[in-house]
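Peer 1: coords below, sequence missing:
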């Protein structure tokens with residue numbers, strides 16, 4: 001009798017163990033996804049989330065990560081206060097070991113600090129402020145380009161392309177900068193000043209403004225007084241449109257306008273300005289009129305976007321987050337789903353993929369700060385209602401034209 005009970009106990013124990021193992025294996029990989037999907041940053045915040053969500057759906061269709069389905073615990077972070085509190089909640093109440101997002105630099109700075117204090121990996125895919133990776137956090141990785149890369153591309157383009165086209169030497173070309181004054185614009189401003197100095201380019205004015213301003217005519221009048229050849233702009237969605245409209249109304253006369261991602265990449269910018277947007281240049285995350293030989297997987301992404309959201313992509317922010325999320329999934333695959341910060345960073349440091357190996361055309365190589373140094377910025381131009389890649393040659397599908405912006 002005792003032997004039977006003992007055998008029965010062993011069988012029950014094995015069944016319980018088997019059940020626990022099976023249940024553990026079937027548990028999804030849960031990742032916190034923090035994006036502003038309401039408030040003033042909602043348009044690009046939601047567009048960014050869409051890209052990450054498409055990557056998640058496609059990955060799950062192929063069997064998930066390390067044999068498990070991926071689940072996003074999505075939260076809305078419309079402001080810095082929400083970014084902090086939601087990051088704390090996801091870590092402390094939800095028990096999550098990895099967070100991603102965020103689109104906005106200010107929001108990322110807040111949420112990633114919470115993650116760093118908790119020893120949790122924060123994987124940023126859209127915030128470009130240099131200070132994000134300059135704080136020495138060993139829990140932080142960023143898949144997208146940082147602000148310095150945008151500024152470097154803008155100054156190089158002004159010096160090496162615009163200057164000879166208008167018959168000037170590099171040190172003769174006049175550049176002005178107008179920027180919204182949050183962490184995003186302020187970070188770009190510092191880099192433009194540094195890159196202009198390094199490149200020997202005249203920076204004739206730096207004009208900050210509040211992104212929620214309802215009148216930017218004073219900015220345009222200041223530009224007219226300073227007479228730049230090239231204006232570099234750093235704007236979100238609504239202020240990009242306002243700045244463009246008032247540049248047209250006040251007849252700003254410049255040779256080139258180079259945006260810095262943000263609002264100048266949106267279809268809503270072109271729709272609002274119409275032909276006045278023609279010729280506007282933009283340094284940004286990869287957009288969709290690009291050499292697809294340089295962006296493997298781009299066509300499949302666009303097809304899935306249309307299928308899931310019943311419209312074409314609204315901005316390259318979705319593509320940046322699609323590529324970034326796939327990089328994140330590849331790293332998780334290499335760790336076997338292990339999200340422990342030290343293991344994850346060690347795994348990331350060992351990865352190297354050349355430029356042109358992802359759907360965004362970026363490569364993958366993380367430096368000691370956690371920055372992907374193979375995340376490249378390309379120059380686009382609004383041509384015929386489309387944002388077309390024009391520089392450099394690899395991803396370009398057209399050559400850039402110098403057309404007076406905001407004049408049509």
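Peer 2: Structure's in. What do you need? Everything quoted here is computed from the prediction, not taken from an experiment.

Peer 1: Got the domain ranges for the protein?
Peer 2: Split into domains by automatic domain parsing, the chain comes to 26-145+295-349, 148-284+378-391.

Peer 1: Go through these and name the closest to residue 408.
Peer 2: domain 148-284+378-391 (4.0 Å; C-beta to C-beta). C-betas here are computed from N, CA, C, even on glycine.

Peer 1: can you give me how far the closest one is from the chain middle?
Peer 2: Domain 148-284+378-391 sits 19 Å away from the centroid of its parent chain (C-alpha atoms, centre = their mean, to the nearest Å).

Peer 1: Check the separation of the first and last residues in that domain.
Peer 2: 17 Å (C-alpha to C-alpha, to the nearest Å).

Peer 1: Adjacent strands (with direction) for whatever helix or strand residue 381 lives in?
Peer 2: In the assignment (DSSP states H and E), residue 381 maps to strand 378-383. Each strand paired with strand 378-383, and its direction, by DSSP bridges: strand 281-284 (antiparallel), strand 386-391 (antiparallel).

Peer 1: circling back to that earlier point, okay if I get the domains of the chain as JSON lines plus mean neighbour count and mean pLDDT?
Peer 2: Shown next, in JSON lines, are these (neighbours: other C-beta atoms under 10 Å; pLDDT from 0 to 100):
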{"stretch": "domain 26-145+295-349", "mean neighbour count": "20", "mean pLDDT": "96"}
{"stretch": "domain 148-284+378-391", "mean neighbour count": "21", "mean pLDDT": "94"}
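
Peer 1: Minimum distance to residue 372: which of these has it?
Peer 2: Nearest of the domains of the chain (C-beta to C-beta): domain 26-145+295-349, 5.0 Å.

Peer 1: ends of the closest one, how far apart?
Peer 2: 29 Å.

Peer 1: how far is that domain from where the chain is centred?
Peer 2: Distance of domain 26-145+295-349 from its chain centroid, counting by C-alpha atoms, centre = their mean, is 11 Å.

Peer 1: residue closest to the middle of the protein?
Peer 2: Nearest to the mean C-alpha position of the chain, by C-alpha atoms, centre = their mean, lies residue 126 at 2.6 Å.

Peer 1: For the closest residue to that one other than its chain neighbours, what is the enclosing helix or strand?
Peer 2: The shortest distance from residue 126 to any non-neighbouring residue, by C-beta to C-beta, 6 or more residues apart in numbering, is to residue 103 (4.0 Å). For residue 103, there is no helix or strand it lies in under DSSP H and E.

Peer 1: hang on, the residue nearest to the centre of the chain packs against residue 104?
Peer 2: Yes. The pair residue 126 / residue 104 is scored as a contact, 7.3 Å apart, by C-beta atoms under 8 Å.

Peer 1: Following the chain past whatever helix or strand residue 85 lives in, name the next helix or strand.
Peer 2: Element membership for residue 85, per DSSP H and E: helix 80-92. Going down the chain from helix 80-92, the next helix or strand is strand 98-101, by DSSP H and E.

Peer 1: That next one packs against which elements?
Peer 2: When contacts are defined as 3 or more C-beta pairs under 8 Å, 6 or more residues apart in numbering; DSSP states H and E, strand 98-101 packs onto strand 29-35, helix 80-92, helix 105-118, strand 121-124, helix 316-334.

Peer 1: Kindly recompute the last result at 10 Å.
Peer 2: Here strand 98-101 touches strand 29-35, helix 42-61, strand 70-76, helix 80-92, helix 105-118, strand 121-124, helix 316-334, going by 3 or more C-beta pairs under 10 Å, 6 or more residues apart in numbering; DSSP states H and E.

Peer 1: Does the nearest residue to residue 203 once chain neighbours are set aside belong to a helix, a strand or coil?
Peer 2: Sequence neighbours aside, residue 196 is the residue nearest to residue 203 in space, at 4.2 Å (criterion: C-beta to C-beta, 6+ apart). The three-state label given to residue 196 by DSSP: H, G, I helix; E, B strand; the rest coil is helix.

Peer 1: Quick one, grab the pLDDT at residue 24.
Peer 2: Here the pLDDT value assigned to residue 24 is 46.

Peer 1: right, and the residue nearest to the centre of the chain touches residue 143 too?
Peer 2: Yes. Using C-beta atoms under 10 Å, residue 126 is in contact with residue 143, at 9.1 Å.

Peer 1: what sits against the residue nearest to residue 126?
Peer 2: Neighbour list for residue 103: 34-37, 41-49, 77, 124-128, 144, 184, 317, 320-321 [criterion: C-beta atoms under 10 Å, 6 or more residues apart in numbering].

Peer 1: run the last query once more with 8 Å
Peer 2: By C-beta atoms under 8 Å, 6 or more residues apart in numbering, the contact list for residue 103 reads 35-36, 41, 44-45, 48, 125-127, 317.

Peer 1: now residue 187
Peer 2: Applying C-beta under 8 Å, 6+ apart, the residues contacting residue 187 are 105, 128-131, 147.

Peer 1: For it, which three-state class applies?
Peer 2: Relying on three-state DSSP, one would call residue 187 helix.

Peer 1: Equivalent analysis for residue 397, please.
Peer 2: coil.

Peer 1: Number of residues surrounding it?
Peer 2: Residue 397 has 14 neighbouring residues, counting by other C-beta atoms under 10 Å.

Peer 1: pretty sure it is in contact with residue 389, am I right?
Peer 2: Yes. Using C-beta under 8 Å, residue 397 is in contact with residue 389, at 5.6 Å.

Peer 1: list residues touching both of these two?
Peer 2: 289-291.

Peer 1: Next, give me the two most distant ones among the contacts of residue 103.
Peer 2: Going by C-beta to C-beta, the pair spanning the contacts of residue 103 furthest: 41 and 125, at 14.5 Å.
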